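**Student:** Provided below are the primary sequence and the corresponding predicted coordinates.
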Amino acid sequence: MLKYAAMLIIFFAFAYGGFYFASAEGRKISLCDAVVSLVRYIRQRAEYYRQPPSEIYSSFSNPAAEKSGFADHLKKSGLKSAIICYKDALGFDEFTYSAMIGFASDIGKLPLEEQLASCDYVISLLEAYISGMKAEFPKKQKLYRSLGICIGISIVIILL
């Protein structure tokens, strides 16, 4: 009886792992959406209020960014440090990552018109990246869930 209980626990552990990785993809999309909101917020605050980056970061709020800790890191260390620290959580490809690092390095140092153009470019780049992630999300979600369940079943069969 104890053997069957242990196998059931093993199955559910792997199934849970599959569901966890599937939800991690959703969290990645939410955090990327939060970064888009941040860049829009930076653009708005720079254009209308001429606020420096430190004031913009301290007043930014987003539920996904707050939950992941990105917003706290942003407020303490700035955008470049937050992007570097949350590279894996954001899941950016190399091109998007280097564009975000360049944007974060230049924010507040460029003339206003160039800064606004830079914000627009980064927003369009991130939106295209996120739309690709959202298109792949159902497939990845199904894959991770199915893989977790299948591995759990396979291990249980091996142990029988």
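**Tutor:** That came through fine. Numbers count the residues shown, from 1 in each chain.
**Student:** can you give me the helices for this protein?
**Tutor:** Counting by DSSP state H, the chain has these helices, from start to end: 2-44, 53-59, 63-68, 70-77, 79-85, 87-90, 94-106, 112-159.
**Student:** any idea how far the longest one is from the middle of the chain?
**Tutor:** What that stands for is helix 112-159. Relative to its parent chain, helix 112-159 has a centroid offset of 9 Å by Cα atoms, centre = their mean, to the nearest Å.
**Student:** then the first one?
**Tutor:** Chain-centre distance of helix 2-44: 11 Å, with Cα atoms, centre = their mean.
**Student:** so what secondary structure elements neighbour it?
**Tutor:** Contacts defined by 3 or more Cβ pairs under 8 Å, 6 or more residues apart in numbering; DSSP states H and E place helix 2-44 against helix 53-59, helix 63-68, helix 70-77, helix 87-90, helix 112-159. No exception for glycine: its C-beta is placed from N, CA and C like everyone else's.
**Student:** hang on, the earlier thing: could the helices of the chain be laid out in TSV, adding mean pLDDT and mean neighbour count?
**Tutor:** What follows is the helices of the chain, written out as TSV (pLDDT from 0 to 100; neighbours: other Cβ atoms under 10 Å):
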stretch	mean pLDDT	mean neighbour count
helix 2-44	94	16
helix 53-59	93	16
helix 63-68	95	16
helix 70-77	95	18
helix 79-85	96	19
helix 87-90	94	14
helix 94-106	95	16
helix 112-159	95	15
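**Student:** ok so, going back, wait, which of the helices and strands packed on helix 2-44 is closest to residue 6?
**Tutor:** helix 112-159 (8.2 Å; Cβ to Cβ).
**Student:** tell me which strands and helices the closest one is in contact with?
**Tutor:** By 3+ Cβ pairs under 8 Å, 6+ apart, helix 112-159 packs against helix 2-44, helix 94-106.
**Student:** now residue 65: how far from residue 101?
**Tutor:** 18 Å (Cβ to Cβ, to the nearest Å).
**Student:** my error: substitute residue 74 in the last question.
**Tutor:** According to Cβ to Cβ, residue 74 and residue 101 sit 14 Å apart.
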